[in-house]
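Peer 1: Build me a structure from this.
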Amino acid sequence: MAGNEAHTILDLPGFDAPPRVLLVVAPYYRDIADGLIAGARAVLARAGAEEDMLEVPCALEIPPAIRLASGGGRFDAYVALGCVIRGETTHYETVCNDSSHGLMLLGLSGLCIGNGILTVENRAQAEVRAAPDGQDKGGGAAAAALHLVSVWKRFGTPVRDIGFRPQGGGAEA
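Peer 2: Numbering: from 1, shown residues only. Predicted coordinates for the structure are as follows:
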């Protein structure tokens, strides 16, 4: 199946209210980001989720933004959306590896995160993967986040502090 119909949405047991999901988007490639957002929103709407959105400059800022947003307990899940297209330098590897690693650390700390950051060789690959009527990776990331919320509600996994602390140059606070 193509498009949103390919994403299975679970019943979300244990919710006394719709799940609250933050889309964190790096719109460096605006048209690609818009496709990812459309796919994610369609899946979240089908699941009855409440959604908010935050834009950040680049995929590297997505994990820190999620970490900062998670502090208030306002959201049940996060969907990371963006695109990194290989260029002529090794910056591609840095952005891909560091954003992915950051999201994994946050997920292992107990946050429910769907990773929809595309890492591709060229724009044509990105367009197919972002399109809601194509591979719909935005919809897939939203569905993944909702699945993790279901796991969290089933097993009661608490969010744990994984030790991210700002490192200052001065005396200890």
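
Peer 1: other SSEs contacting the worst-scoring helix or strand of the chain on mean pLDDT?
Peer 2: Least confident helix or strand of the chain, by mean pLDDT, DSSP states H and E, is helix 137-155 with a mean of 92. Judged by 3 or more C-beta pairs under 8 Å, 6 or more residues apart in numbering; DSSP states H and E, helix 137-155 is in contact with strand 20-25, helix 30-46, strand 77-85, strand 113-120, helix 123-130. In short, each C-beta sits where N, CA and C put it, glycine included.

Peer 1: Below-threshold pLDDT in this structure: ranges please.
Peer 2: For the chain, applying pLDDT under 70 flags the ranges 1-16, 157-173.

Peer 1: again, 90 this time
Peer 2: 1-18, 72-73, 150-173 (pLDDT under 90).

Peer 1: Deepest-packed of the helices and strands packed on helix 137-155, please.
Peer 2: Across these, averaging neighbours per residue (mean count of other C-beta atoms under 10 Å) puts strand 77-85 on top, at a mean of 27.

Peer 1: Can you list the strands that that strand pairs with?
Peer 2: With DSSP bridges as the test, strand 77-85 is paired with strand 20-25 (parallel), strand 113-120 (parallel).

Peer 1: From the chain's centroid, how far away is that strand?
Peer 2: The chain centre lies 5 Å from the centre of strand 77-85; the measure is C-alpha atoms, centre = their mean, to the nearest Å.

Peer 1: How about stretch 121-136?
Peer 2: Relative to the centre of its chain, stretch 121-136 is centred 17 Å away, using C-alpha atoms, centre = their mean.

Peer 1: ok, back up a step: tell me which of the helices and strands packed on helix 137-155 sits nearest to Ser99.
Peer 2: Nearest to Ser99 among the helices and strands packed on helix 137-155 is strand 113-120 (5.6 Å), distances taken as C-beta to C-beta.

Peer 1: That closest one to helix 30-46, inter-axis angle?
Peer 2: 150 degrees (axes from the mean of the first three to the mean of the last three C-alpha atoms, to 10 degrees).

Peer 1: Run through who's touching strand 113-120.
Peer 2: By C-beta atoms under 8 Å, 6 or more residues apart in numbering, the surrounding residues in contact with strand 113-120 are 26, 32, 36, 40, 59, 62, 66, 77-86, 92, 96, 99-100, 103, 106-107, 125-126, 129-130, 137-138, 140-146, 148.

Peer 1: quick one: that strand to helix 137-155, angle?
Peer 2: Interaxial angle of strand 113-120 relative to helix 137-155 (the same axes, to 10 degrees): 150 degrees.
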